[in-house]
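Visitor: Following is a predicted model, sequence given first.
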Amino acid sequence: MKNTQVLLRNRPTGEPSETDFEVVETEIPSPGPGQVLVRAHFLSLDPYMRGRMSDAKSYAKPVALGEVMEGATVGEVVESNDPRFGEGDLVAGSKGWQRFSVADGDALRKVDTGIAPLSTYTGLLGMPGLTAWVGLEDIGQPKPGETVVVSAASGAVGQVAGQIAKARGARVIGVAGGQAKCDFVVKELCFDACLDHRGDLDAQLDKACPDGIDVYWENVGGKTQHAVFPRFRDFGRMVMCGMISQYNTAPGADTSKAEPGPNLGAVVRKRLRIQGFIVFDTGWQRYGRFLAEMDGMIRAGQLKWKEDVVEGLERAPRAFIGLLRGENFGKLVVKI
Ligand SMILES: NC(=O)c1ccc[n+]([C@@H]2O[C@H](COP(=O)([O-])OP(=O)(O)OC[C@H]3O[C@@H](n4cnc5c(N)ncnc54)[C@H](OP(=O)(O)O)[C@@H]3O)[C@@H](O)[C@H]2O)c1
């Protein structure tokens, strides 16, 4: 048997294309002392990967040209030179877009599929779910009766953020692209409403949030941010998780025709808090608390999830390009 890997071939300007990636067959690596050979079953596809394709200065190093694309996987131990892991153990780690990988034991985490299926450790119980929990714990801090608006509400982070806010007693309004996503957010995830950003968002927000917005979970930026911002109540919080609508904007691109940012005068007048965060800063240190809370919510029937599963590593580049166009419906994951 051979290994399958997806390499970064070019650094795209603007929207990536499939030719920026290359799918190759290589030898399966052998684990060295203290290392573990893992066969991945699922690969997580996430918006941050667009940043790793670029060599612009960022909070993390870019993927080098010709290297395996970065990404989190969950899979099974095939061979172990670390006494903490045995053949057949299910583990999560960041081993990239490839079927087989070797990892130091310290870089792997055993996962418990008694809580939820293996694939959820790429989404609900993985980095995106942890992101939702950290952002609400540290910045959003929704209180009972407050109004929370969540953009990209049916996506990996949004679906978890909204359900946690709901469990904490807030009124939760989603924003998503299209009727099918909105129906899912209300009927399955039990948000109080979901607004379609392809329609007149101002009018929909007026109706859904007549008394204003206490917490805005920002995943997208652009026109959704513009519509939400003037509706903040005093002491509102804006959780700056991401702005996916900008990720394909090439560095140095002509943004003179882009919409201007919101008027920050309101930050003073309304005593708003706008804070960005990166889940890696302190998130994994608190993973145990997060997992215990998610386990409790799943058992109480308060937490559902939707995955958009693509079959085959060779389809990962196309699926990733679609993620940046809003084509995914639920947490995007590749079944290997
Ligand atoms: N700060 C952190 O540590 C951290 C960690 C993880 C993720 N994030 C950020 O969280 C956000 C959501 O990530 P995710 O993994 O949960 O992705 P996701 O929501 O599962 O998928 C992306 C969604 O964004 C929307 N979208 C895509 N392109 C768009 C565009 N051009 N304009 C407006 N909306 C667009 C689409 O939803 P609709 O069709 O509903 O619009 C799409 O389904 C991203 O900004 C990501 O970078 C941040």
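Guide: Alright, I've got the coordinates. This is a predicted model, so every value here is computed, not measured. Numbers count the residues shown, from 1 in each chain.

Visitor: Just the pLDDT for the residue nearest the centre of the chain.
Guide: The centre of the chain sits closest to Pro128, judged by Cα atoms, centre = their mean, with a distance of 4.0 Å. At Pro128, the pLDDT value in this model is 98.

Visitor: who does the host helix or strand of it touch, helix- and strand-wise?
Guide: Using DSSP states H and E, Pro128 falls within helix 127-135. Contact here means 3 or more Cβ pairs under 8 Å, 6 or more residues apart in numbering; DSSP states H and E; on that basis helix 127-135 packs against helix 156-167, helix 287-299. C-beta here means a position set from N, CA and C on the backbone, and glycine is covered the same way.

Visitor: hmm, who's touching that helix?
Guide: With Cβ atoms under 8 Å, 6 or more residues apart in numbering as the test, helix 127-135 has contacts from 44, 46, 72, 120, 122-123, 156-158, 160-161, 164, 217, 239, 241, 277, 279, 282-284, 286-287, 290, 293-294, 331.

Visitor: Please spell out the segments of this protein that come in under the pLDDT threshold.
Guide: Counting by pLDDT under 70, the chain shows low-confidence ranges at 250-260.

Visitor: which parts of the stretch 151-300 of the chain sit against the ligand?
Guide: Within the stretch 151-300 of the chain, the positions near the ligand by Cβ under 6 Å from any ligand atom are 152, 154-158, 176-177, 181, 197, 219-220, 222, 241-245, 277-279.

Visitor: One more pass at 8 Å, please.
Guide: Proximity of the stretch 151-300 of the chain to the ligand, by Cβ under 8 Å from any ligand atom, involves residues 151-159, 175-178, 181, 197, 218-222, 224, 240-245, 247-248, 276-280, 283.

Visitor: What's the ChimeraX line that selects buried ones from the residues you listed?
Guide: Burial among these is assessed by 16 or more other Cβ atoms under 10 Å; the matching ChimeraX selection reads:
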select :151,152,153,154,155,156,157,158,159,175,176,177,181,197,218,219,220,221,224,240,241,242,243,244,245,247,248,277,279,283
